[in-house]
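Trainee: Here is the input, now give the coordinates:
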Amino acid sequence: MLEALVQGVQGGRWYSLMDKVWNPSHLRLGAWQVIRNDGAAGIDHRSCECLEEKLTEEVDLLERRLRAGTYQPQAVKRVWIAKLGRPEKRPLGIPTVRDRVVQTVVRNVIEPIFEAEFVEHSYGFRPGRGAFQALERVEQLLRDGHTWVVDADIKGYFDNIPQDRLMRLLQQRISDGRVLALIEAFLKQGVMETGKGWQPTTKGTPQGAVLSPLLANVYLHPLDLLAQSQGWRMTRYADDFIIQCSSLADAEAALAEIRSWMAAAGLTLHPDKTRIVDATIRGGFDFLGWHFERGLKWPRKKSLDRFQDMLRAETPRNSGRSLSEIIGRLNRRLKGWYRYFQGGVKNVYQDLDKWLRGRLRSILRRRDKRKGRGRGQDHVRYPNAYFANHKLISLYASACGEHLQSRRARVTH
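Mentor: Take a look at the predicted model:
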């Protein structure tokens with residue numbers, strides 16, 4: 001895409017972009033990306049299935065409206081969904097399918113422009129980069145002795161990005177007024193909530209919007225450049241970032257600069273969640289779902305709690321599913337979770353295995369119509385081998401096998 005845009009660049013600013021947005025082939029590609037991601041319908045009740053069924057008509061309609069400058073984003077549908085295993089709820093933003101298509105195309109067009117400038121230590125929501133690389137960097141820096149950590153938390157980042165300052169940053173690279181107007185229209189499209197009607201969005205990026213992660217990275221890019229110029233060892237994943245230093249003095253100086261930058265950018269560091277940590281002693285820090293402490297790492301408590309809530313939902317004592325069906329569903333969860341959370345302290349996996357087998361024993365005890373917990377009898381009647389024979393994945397066995405492979409690799413090298 002970047003090569004196709006080169007003709008429209010002058011003095012580092014990109015001019016002719018809107019024709020790339022309304023290009024039918026680009027709209028069709030964006031539509032298929034939305035269809036593959038699926039998702040619920042917005043306030044217009046149009047689903048991804050409807051988009052697929054009427055793809056040609058929808059692409060033609062979007063092209064006409066974008067060409068004529070009559071395209072107007074609709075409000076984001078706001079619904080509240082329960083947090084797994086918890087009484088409180090969290091808001092979920094659902095843009096219309098058409099808005100998701102247009103935003104996808106705009107992102108596809110402008111992302112290469114900004115990707116060419118983004119720095120190495122930024123990993124979130126970027127093509128070919130992700131949490132695994134971010135974690136590798138953190139661990140390597142810890143091994144190299146950069147164990148004083150500025151653990152920063154931006155208070156309500158996505159909801160509080162100043163829109164006018166964001167637009168000025170975009171204008172430094174994009175001079176096509178039609179594209180800028182379209183992005184600003186998405187920023188101000190508002191939300192629609194049952195019982196409250198339409199509510200304006202005067203700050204922040206739209207909830208659930210395809211464009212939001214890219215825009216969030218654009219807004220924090222000046223912070224990345226500051227870190228680079230200061231020689232800080234920053235690792236950033238969207239709004240979650242840490243700075244690793246070799247001394248307390250360096251960490252304090254970095255945090256002071258960060259506070260100053262945040263104030264100038266119209267953002268705030270969370271006072272209770274921003275701190276300086278010595279990772280070589282008890283306490284440590286959390287980053288991207290992991291806890292790091294004294295040269296070790298394991299899934300942080302919130303990650304474990306969330307995963308156990310997920311497993312509880314699959315193993316109610318009155319489950320009507322067969323044991324093989326329950327284990328099949330559990331194994332899919334276990335594989336997905338372990339794919340990300342492998343490589344930690346092994347006793348965490350051992351404890352999870354034990355806890356999960358206990359829940360399965362409770363299901364089987366209920367089916368046997370036996371009262372009480374009867375742990376001793378349960379272990380005799382349903383030993384660990386019983387569940388292994390039913391193909392239940394053991395996280396601890398997986399961790400031990402991974403550790404053995406790692407040792408063999410070190411020996412052979």
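Trainee: Next, the buried residues of stretch 28-43.
Mentor: Residues 28, 30-31, 33-35, 41-43 are the ones in stretch 28-43 that count as buried (16 or more other Cβ atoms under 10 Å). All C-beta spots, glycine's among them, are computed from the backbone N, C-alpha and C.
Trainee: So Val277 lies in a strand, does it not?
Mentor: Yes: counting by DSSP: H, G, I helix; E, B strand; the rest coil, Val277 falls inside a strand.
Trainee: which strands and helices sit next to the helix or strand hosting Glu57?
Mentor: Using DSSP states H and E, Glu57 maps to helix 55-68. Secondary-structure packing of helix 55-68 (3 or more Cβ pairs under 8 Å, 6 or more residues apart in numbering; DSSP states H and E): helix 24-37, helix 97-115.
Trainee: Quick one: mean pLDDT for stretch 281-297?
Mentor: The pLDDT scores in stretch 281-297 average 98.
Trainee: Export only the CA atoms of that stretch, formatted as PDB.
Mentor: Extracted C-alpha coordinates of stretch 281-297, given in PDB (Å, rounded to 0.1, in the frame of the first residue of the first chain):
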ATOM      1  CA  ILE A 281      13.000  -8.300  45.500                       C
ATOM      2  CA  ARG A 282       9.600  -9.500  46.600                       C
ATOM      3  CA  GLY A 283       6.700  -7.600  45.000                       C
ATOM      4  CA  GLY A 284       7.800  -7.300  41.400                       C
ATOM      5  CA  PHE A 285       5.500  -5.900  38.700                       C
ATOM      6  CA  ASP A 286       2.900  -7.000  36.200                       C
ATOM      7  CA  PHE A 287       3.000  -6.600  32.500                       C
ATOM      8  CA  LEU A 288       0.900  -8.000  29.700                       C
ATOM      9  CA  GLY A 289      -0.800 -10.600  32.000                       C
ATOM     10  CA  TRP A 290       2.400 -11.800  33.600                       C
ATOM     11  CA  HIS A 291       4.000 -11.200  37.000                       C
ATOM     12  CA  PHE A 292       7.800 -10.700  37.100                       C
ATOM     13  CA  GLU A 293       9.700 -11.000  40.400                       C
ATOM     14  CA  ARG A 294      13.200 -12.000  41.400                       C
ATOM     15  CA  GLY A 295      14.200 -13.500  38.000                       C
ATOM     16  CA  LEU A 296      11.000 -15.500  37.800                       C
ATOM     17  CA  LYS A 297       7.700 -15.000  36.100                       C
END
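Trainee: what about it, distance to the chain center?
Mentor: Here the centre of stretch 281-297 is set off from its chain's centre by 20 Å, with Cα atoms, centre = their mean, to the nearest Å.
Trainee: Of all the residues in that stretch, which ones are buried?
Mentor: In stretch 281-297, counting by 16+ other Cβ under 10 Å, buried: 284-293, 297.
Trainee: Show me those residues that map onto strands.
Mentor: Among the buried residues of stretch 281-297, DSSP state E puts 285-287, 290-293, 297 in strands.
Trainee: Pick the one among those closest to His221.
Mentor: Phe287 (20.4 Å; Cβ to Cβ).
Trainee: ok, back up a step: nearest to Gln350, of the buried residues of stretch 28-43?
Mentor: Nearest to Gln350 among the buried residues of stretch 28-43, with distances taken as Cβ to Cβ, is Gln33, at 41.2 Å.
Trainee: Correct me if wrong: the closest one contacts Val102.
Mentor: No: counting by Cβ atoms under 8 Å, Gln33 stays clear of Val102, with 11.8 Å between them.
Trainee: Do a quick rundown of the strands in the stretch 51-200 of the chain.
Mentor: 76-82, 89-94, 148-153, 191-193, 197-199 (DSSP state E, counting those that start in this stretch).
Trainee: got CSV for those, with distance to Glu57 too?
Mentor: What follows is the strands of the stretch 51-200 of the chain, written out as CSV (distance: least, Cβ to Cβ, whole Å):
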stretch, distance to Glu57
strand 76-82, 23
strand 89-94, 22
strand 148-153, 46
strand 191-193, 25
strand 197-199, 27
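Trainee: Single out the most deeply packed of those.
Mentor: Between the strands of the stretch 51-200 of the chain, strand 148-153 has the highest mean count of neighbours, a mean of 22, where neighbours are mean count of other Cβ atoms under 10 Å.
Trainee: Dump that one to CSV, keeping only the CA atoms.
Mentor: Output of strand 148-153 as CSV, limited to C-alpha atoms (Å, rounded to 0.1, in the frame of the first residue of the first chain):
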residue,chain,number,x,y,z
TRP,A,148,14.5,-0.9,38.3
VAL,A,149,11.2,-0.6,36.6
VAL,A,150,8.9,2.4,36.1
ASP,A,151,5.5,0.7,36.0
ALA,A,152,3.2,3.3,34.5
ASP,A,153,-0.6,3.3,34.1
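Trainee: circling back to that earlier point, want to try a markdown table for the helices and strands packed on helix 55-68, with mean pLDDT and distance to Arg259 as columns?
Mentor: Written out in a markdown table, the entries for those read as follows (pLDDT from 0 to 100; distance: least, Cβ to Cβ, whole Å):
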| stretch | mean pLDDT | distance to Arg259 |
| --- | --- | --- |
| helix 24-37 | 98 | 37 |
| helix 97-115 | 98 | 26 |
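Trainee: pLDDT on stretch 363-383, on average?
Mentor: Mean predicted confidence for stretch 363-383 is 79.
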